[in-house]
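Engineer: here's my sequence, what's the structure:
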Amino acid sequence: MTNDIFGPFPGGADFAAALTDAQRARFDQLGANLDVVERRIADACAAAGRPREEVTLIVVTKTYPAEDTALLAGLGVTDVAENRDQDAAPKAERCVNLPLTWHFVGQLQTNKARSVVRYADLVHSVDRERLVDSLAAAVHNAERPPLGCLVQVALDKEAGEGEHRAGVAPADVLALAAKIADTPGLRLDGVMTVAPLAGPLAGDPARSFARLAEIASAVRAEHPTATMVSAGMSGDLEQAIAAGATHVRVGTAVLGVRSPLG
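Structural biologist: Okay, here's the model as predicted:
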C-alpha cells in the first residue's frame with residue numbers, strides 16, 4: 001500500500017504502519033474521537049436496555065476529504081454518509097476499494113439519481129414519489145442490486161409547519177413507503193428523521209424521536225422487513241437510541257467542527 005492510502009486495503013496494524021507522519025496524527029485523532037463516540041453509544045444502549053450491536057454508527061464524512069474516509073476504514077468504521085452528490089461521487093470513486101457501506105443522507109434532486117445509485121448502498125432522504133421513480137429508473141439502467149431506501153420524515157410538518165423543509169409529513173409516510181415497497185429495483189428499509197427546528201417538537205429530541213418510533217412501528221406493521229430507524233446525530237444520539245434508533249449519523253463528534261460550507 002502506498003502512502004496515499006488508496007492502494008490495496010490491508011486493514012489492521014499493516015494499515016497504520018503504511019501511513020505518513022501526518023496521516024498517522026490524523027488517524028490517532030480520529031481514533032480517539034471514535035472511542036468517545038463508541039462509549040456514548042454503548043452507555044446509551046446500556047441505559048435503554050439494548051444490546052450494543054443493535055445500533056450502527058454511520059460517520060457523516062461530508063466536507064471532509066477522501067483521506068479521512070480511508071483513515072476511518074482503517075479504524076474499523078464500516079458505514080459512512082454523504083449529503084452532496086458533487087462531493088460524494090468523486091470521493092466514493094477514490095474509496096472504491098475500501099470495505100465501506102455508503103449512505104446518502106442529503107436532499108436529492110431527481111437529476112442526481114443516476115449518479116447517486118452508482119455508489120450509494122442506501123438513500124435515507126426519499127421524500128416524494130417522483131424521486132422514487134427516478135431512483136428506480138437509475139437502478140434499472142445501472143443493472144445493480146436493489147437500492148435500500150428510507151422515507152425521510154419531516155416531523156415539523158405534523159402541525160402544518162415547516163413546509164420548506166425536506167421530508168414527507170407524518171400523515172403521508174405510509175403511502176410513500178408503499179410506493180417504495182412496490183417499486184422494482186428499490187428496497188424499503190425504514191424511516192429517517194432529523195430533530196425538527198420548528199413546530200411543537202422543536203428543541204425536544206426525546207419527544208421527536210419517540211414520535212418517529214411510533215411512525216416506524218406503523219411502517220413495520222405493513223412492511224415487516226423495514227426495520228431501520230435512522231435518527232440521532234452528534235448532539236442527540238443518546239435520545240435517539242433511547243427511542244429505538246437502529247442507526248445514528250455522527251459527523252462532528254468524530255471528524256471535528258465542519259467548515260462554513262458544510
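Engineer: just the helices in the protein please.
Structural biologist: With DSSP state H as the criterion, the chain has helices at 12-17, 21-48, 66-74, 85-94, 113-116, 129-142, 173-181, 205-222, 237-242, 252-255.
Engineer: can I get those in CSV with mean neighbour count, mean pLDDT and distance to H103?
Structural biologist: C-beta here means a position set from N, CA and C on the backbone, and glycine is covered the same way. Shown next, in CSV, are the helices of the chain (neighbours: other Cβ atoms under 10 Å; pLDDT from 0 to 100; distance: least, Cβ to Cβ, whole Å):
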stretch, mean neighbour count, mean pLDDT, distance to H103
helix 12-17, 12, 76, 23
helix 21-48, 15, 97, 17
helix 66-74, 22, 95, 12
helix 85-94, 18, 96, 10
helix 113-116, 20, 98, 11
helix 129-142, 18, 98, 14
helix 173-181, 19, 98, 16
helix 205-222, 19, 97, 17
helix 237-242, 23, 98, 15
helix 252-255, 20, 97, 14
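Engineer: between those, which one is nearest to E54?
Structural biologist: helix 21-48 (6.8 Å; Cβ to Cβ).
Engineer: and the closest one with helix 66-74, angle?
Structural biologist: Here the directions of helix 21-48 and helix 66-74 differ by 50 degrees (axes from the mean of the first three to the mean of the last three Cα atoms, to 10 degrees).
Engineer: who are the packing partners of helix 21-48?
Structural biologist: strand 56-60, helix 66-74, helix 237-242, helix 252-255 (3 or more Cβ pairs under 8 Å, 6 or more residues apart in numbering; DSSP states H and E).
Engineer: any idea of the angle it forms with strand 56-60?
Structural biologist: Helix 21-48 runs at 140 degrees relative to strand 56-60, counting by the same axes, to 10 degrees.
Engineer: tell me how far helix 21-48 lies from the chain's centre.
Structural biologist: Chain-centre distance of helix 21-48: 18 Å, with Cα atoms, centre = their mean, to the nearest Å.
Engineer: picking up where we left off before, how about TSV for the helices and strands packed on helix 21-48, with distance to R130 added?
Structural biologist: Output for those, formatted as TSV (distance: least, Cβ to Cβ, whole Å):
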stretch	distance to R130
strand 56-60	26
helix 66-74	31
helix 237-242	29
helix 252-255	32
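Engineer: which of these sits closest to A136?
Structural biologist: That would be strand 56-60 among those, by Cβ to Cβ, at 23.7 Å.
Engineer: which neighbours does the closest one have in its sheet, and in what orientation?
Structural biologist: Counting by DSSP bridges, the strands paired with strand 56-60 are strand 79-82 (parallel), strand 247-250 (parallel).
Engineer: I would like the residues contacting that strand, please.
Structural biologist: Contacts with strand 56-60, where a contact means Cβ atoms under 8 Å, 6 or more residues apart in numbering, come from 37-38, 41, 72, 77-83, 103, 105, 230, 233, 246-251, 254-255.
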